[in-house]
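A.B. asks: Predicted model, plus sequence, below.
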Amino acid sequence: MARDISTGPDPKNVVDVFTSEQPGGSRPVLIYVPGGPGNRHLDVPGNEVFYDNVMLWAVKNGMVGVLMQRRPGNAWDDPAKDVARVVRWVDQNVAGYKGDPARVFLWAQSAGNVPTGTYVGHPELYGPKGVGLKGVIFMSPATFNILPATPPRAGPNPPCGPQTGAAPAPAPAAGAGRASQPDAATQLARSNLSGLVSSKVPFLITTAELDPPSIIAFAETLKDQLCKAGHCPAYLVFKDHSHISEVMSPNTADDSVTGPILKWIKSVK
């Protein structure tokens, strides 16, 4: 395990890398983009480090794990540029950790899907070798910009605050006491939908049975838009799981989430 490896100019542009002590290289790579505020690890009871569990599961199943820090940023695409930095760092460096840069998967959960969707949906953010990903997992995605498509109103997002990079609400009237938001034309120009539907990367979209209605509504809308364009993703619903339990279950005896995810990763050629 190697902690706090720099991937960019900001002190928060860092990753933790998990790899096996066993001999042998060219292992698939799993980049994890956390939800919530984007911290790589959160302390939980029992002195375990939350999100390390995903990386430990990856290593036990023959992969190299890369756990990235996510920043809110100032510009709408700053968080996506951080994802781009990590993808390029993996391409250039992961072989030194026994990973295969030609077989890199990205798994985002909740708010981590916002910069992930922006990165994958905007080819201008890619490096010289292209998107750099073999497959993308959108787990319980918080709403991000896929205009002109909009999900039905289905209640609030989970309690992790506004999602940086999501399509913002229309600007309020003058005197409403809030900063003005981008106008409709700007929001449409920033949409991720065109890049997502034209991508050649396989997608897996998942939700938890007990996810907030807004999460489920957006996931279904995203799936429908991709299918309409002929890029239908794999789609899974994790029975009896919540927005939190689905990401706490990796590296435990409960493989109801990780089993299907691992099967999908292995199916991508």
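C.D. replies: Perfect, thanks for sending it. Numbering: from 1, shown residues only.

A.B. asks: which ones are touching A219?
C.D. replies: Contact partners of A219, counting by CB atoms under 8 Å, 6 or more residues apart in numbering, are 138, 140-141, 205-207, 211, 235. Yep, even glycine has a C-beta here, placed from its N, CA and C like the rest.

A.B. asks: Apply 10 Å and report the result again.
C.D. replies: 113, 138-143, 151, 205-207, 211, 233, 235, 237 (CB atoms under 10 Å, 6 or more residues apart in numbering).

A.B. asks: May I ask which helix or strand encompasses it?
C.D. replies: Applying DSSP states H and E as the criterion places A219 in helix 213-228.

A.B. asks: residues of stretch 185-197 that come out buried?
C.D. replies: Neighbour counts over stretch 185-197 (16 or more other CB atoms under 10 Å) mark 187, 190-193, 195-197 as buried.

A.B. asks: Tell me the gap between it and the middle of its chain.
C.D. replies: The chain centroid and the centroid of stretch 185-197 are separated by 18 Å under CA atoms, centre = their mean, to the nearest Å.

A.B. asks: Give me the distance between the residue nearest in space to the middle of the chain and G230.
C.D. replies: What sits nearest the mean C-alpha location of the chain, by CA atoms, centre = their mean, is A108, with 2.2 Å. For A108, the distance to G230 (CB to CB, to the nearest Å) stands at 23 Å.

A.B. asks: Check W76 too.
C.D. replies: Counting by CB to CB - W76 and G230 are separated by 28 Å.

A.B. asks: need the strands for the stretch 1-150 of the chain, in chain order.
C.D. replies: Under the criterion DSSP state E, counting those that start in this stretch, the stretch 1-150 of the chain contains strands at 2-6, 14-18, 27-33, 42-44, 48-50, 64-68, 99-109, 135-139.

A.B. asks: circling back: have a look at W76 and G230 and say which one is more surrounded.
C.D. replies: The neighbour count for W76 versus G230, taken as other CB atoms under 10 Å, is higher for W76 (19 against 7).

A.B. asks: ok so, going back, in the helix holding A219, which residues are buried?
C.D. replies: By neighbour count with 16+ other CB under 10 Å, helix 213-228 contains the buried residues 214-223, 225-226.

A.B. asks: want to try a markdown table for those, with distance to R70 as columns?
C.D. replies: Shown next, in a markdown table, are the buried residues of helix 213-228 (distance: CB to CB, whole Å):
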| residue | distance to R70 |
| --- | --- |
| S214 | 20 |
| I215 | 18 |
| I216 | 23 |
| A217 | 24 |
| F218 | 19 |
| A219 | 20 |
| E220 | 25 |
| T221 | 23 |
| L222 | 20 |
| K223 | 24 |
| Q225 | 24 |
| L226 | 24 |
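
A.B. asks: Now for these: which two are most distant?
C.D. replies: Across these, the longest distance by CB to CB is 18.8 Å; it joins S214 and L226.

A.B. asks: just so I have it, where are all the helices in the protein?
C.D. replies: With DSSP state H as the criterion, the chain has helices at 52-60, 78-93, 113-121, 184-189, 193-198, 213-228, 245-248, 258-267.

A.B. asks: L147: which of those is closest?
C.D. replies: Here helix 184-189 is closest among those (CB to CB), at 5.0 Å.

A.B. asks: Report the distance from the closest one to the chain centre.
C.D. replies: On CA atoms, centre = their mean, the centre of helix 184-189 falls 23 Å from that of its chain.
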